[in-house]
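Asks: Any chance you could fold what I've pasted below:
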Amino acid sequence: MLYNETTLDHIHRPRHMGKLENATGCGLIGEEECGDFMSVFVRVEDDVIRDISFVCRGCVAAVACGSAACELANGKTLREAVYITEETVCSHLGGLPSEKVHCAGLAVSALRHAIADHLGIKQEQERTPFIERLREKARRAAEEAGLLGTPLKVEIRKLPPKEAIGNTPERDYPIWKGKEGIVEARIMESAGQAFTSAPGDFEGELAGVLDLDLSGTDAAAVRNRGIFVASVNALCRHLGITGGTVHCRDEGPRECADDLARAVKAGSPNGCRIALIGCQPRMIEALSDGYHLRVIDLDPDNIGKPFSGITVEGEEMTDDALETCDIALVTGTTLVNGTIDRFLNLKCHTVFYGTTIAGAAALMGLRRFCTRSL
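Replies: Residues are numbered from 1 along each chain as shown. Okay, here's the model as predicted:
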């Protein structure tokens, strides 16, 4: 991507970068814990911004915009600073590519939030983790159906690979390698499944599942999230909110990948840029011809290895892949491994795939692709 000399100067020599320790106001846009964010810090005396700085995680254009916004606001009165706009920042940089103009808006929003914080009129940004918002939606659905007050049991069990996905012709899926397992929840006659790297058994009331501790990154947290997500899938199936909560079998994964390739071809031109989050071998095969495909995976055994001519990249390349793609295809297991918030509200077209995300997609309005699930 081409940037002019002024923008490149701000990229390579950003002004006012770093946390301002004696700030009187701070504005944060985005999520510091996961995903892109911009923070602006101001020190105001006598209604004049005497010092200012920014911290961000994002693309190089975001760095340039943070630098430019701070340079424009430094030394200005608050009245002057609030009139700095997205257009002001772009003009100061000598123009930005159209797909990067939103970075200027990010910097301006963070600046205005910092000013509001200094004035004592800042409202806290909504930063509740996605899985906690899903918990409340699921609890509300269960309450409305009268399921929390009934002696309803949720039974969770780990499925052996052949029972989980059948006799697939290929054995390069994580479940065959022992990297992941599928847990299945049953509510009455309704089944819901979820992939997890820490499968475990569970038997108890639905209310108990909805009260599980879902925070953290250790094996116990991943186990709890797997139980919870499988149970949400079973609940949504039982209530008729969604179907497709049981994984496809035998030729299903290959057929689903072929369905996906047809859908992408129908809606996107050859040469579009796709980021596949999660190493799904059949999807790589189906999408590797005709598209600029990048694959990101957490499994160290996959990283650096070629699949259908595409070399799998590690987690550290996620932001770069998302920044440059037109379509992000994200595995639903991000809900179980605790990284899903990173893939929400992306500027690219985002679709979650797989059985694991079924209930969450239906309850929370996410796009989901999974044509062969049962």
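Asks: The residue of the chain most remote from its centre and residue 239, how far apart?
Replies: Distance to the chain centre peaks in the chain at residue 46, reaching 41.7 Å (criterion: C-alpha atoms, centre = their mean). Distance, residue 46 to residue 239, by C-beta to C-beta, to the nearest Å: 60 Å. Where C-beta positions appear, they are placed from N, C-alpha and C, glycine not excepted.
Asks: can you pull the contacts of the nearest residue to residue 249 once chain neighbours are set aside?
Replies: For residue 249, ignoring the flanking residues on the chain, the nearest one in space by C-beta to C-beta, 6 or more residues apart in numbering is residue 166 at 3.0 Å. For residue 166, the contacting residues are 248, 249, 250, 252, by C-beta atoms under 8 Å, 6 or more residues apart in numbering.
Asks: Among those residues, the buried ones, what's the ChimeraX command?
Replies: Those of these that count as buried under 16 or more other C-beta atoms under 10 Å are selected in ChimeraX with:
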select :248,249,252
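Asks: Pull the most distant pair out of the contacts of residue 166.
Replies: Spatially, the most separated pair among these is 248 and 250, at 7.8 Å (C-beta to C-beta).
Asks: Could you tell me which residues touch both of those two?
Replies: 165, 166.
Asks: on that earlier part again, would you check how far apart the residue nearest to residue 249 and residue 18 are?
Replies: Taking C-beta to C-beta, one finds residue 166 at 55 Å from residue 18.
Asks: Kindly report the same for residue 222.
Replies: 35 Å.
Asks: Could you check how far the nearest residue to residue 5 once chain neighbours are set aside is from residue 196?
Replies: Closest residue in space to residue 5, ignoring its immediate chain neighbours: residue 94 at 7.6 Å, by C-beta to C-beta, 6+ apart. As judged by C-beta to C-beta, residue 94 and residue 196 stand 50 Å apart.
Asks: If you average the pLDDT over the longest helix anywhere in the chain, what comes out?
Replies: For the chain, the helix with the greatest residue count under DSSP state H is helix 219-238. Throughout helix 219-238, pLDDT has a mean value of 94.
Asks: Work out the gap between it and the centre of the chain.
Replies: The gap between where helix 219-238 is centred and where its chain is centred comes out at 18 Å by C-alpha atoms, centre = their mean, to the nearest Å.
Asks: now do stretch 175-193
Replies: Distance, centroid of stretch 175-193 to centroid of chain: 23 Å (C-alpha atoms, centre = their mean).
Asks: hang on, the earlier thing: just checking, next helix/strand downstream of the longest helix of the chain?
Replies: Using DSSP states H and E, the helix or strand that directly follows helix 219-238 along the chain is helix 252-267.
Asks: Return that following helix as PDB; C-alpha atoms alone will do.
Replies: The C-alpha coordinates for helix 252-267 follow below in PDB (Å, rounded to 0.1, in the frame of the first residue of the first chain):
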ATOM      1  CA  GLY A 252     -19.200 -33.800   5.200                       C
ATOM      2  CA  PRO A 253     -16.100 -31.700   5.900                       C
ATOM      3  CA  ARG A 254     -14.900 -31.900   2.300                       C
ATOM      4  CA  GLU A 255     -18.400 -31.200   1.000                       C
ATOM      5  CA  CYS A 256     -18.800 -28.200   3.300                       C
ATOM      6  CA  ALA A 257     -15.400 -26.800   2.100                       C
ATOM      7  CA  ASP A 258     -16.600 -27.200  -1.500                       C
ATOM      8  CA  ASP A 259     -19.900 -25.400  -0.600                       C
ATOM      9  CA  LEU A 260     -17.800 -22.600   0.900                       C
ATOM     10  CA  ALA A 261     -15.700 -22.200  -2.200                       C
ATOM     11  CA  ARG A 262     -18.800 -22.000  -4.400                       C
ATOM     12  CA  ALA A 263     -20.300 -19.300  -2.100                       C
ATOM     13  CA  VAL A 264     -17.100 -17.200  -2.100                       C
ATOM     14  CA  LYS A 265     -16.800 -17.500  -5.900                       C
ATOM     15  CA  ALA A 266     -20.400 -16.300  -6.300                       C
ATOM     16  CA  GLY A 267     -19.900 -13.300  -4.200                       C
END
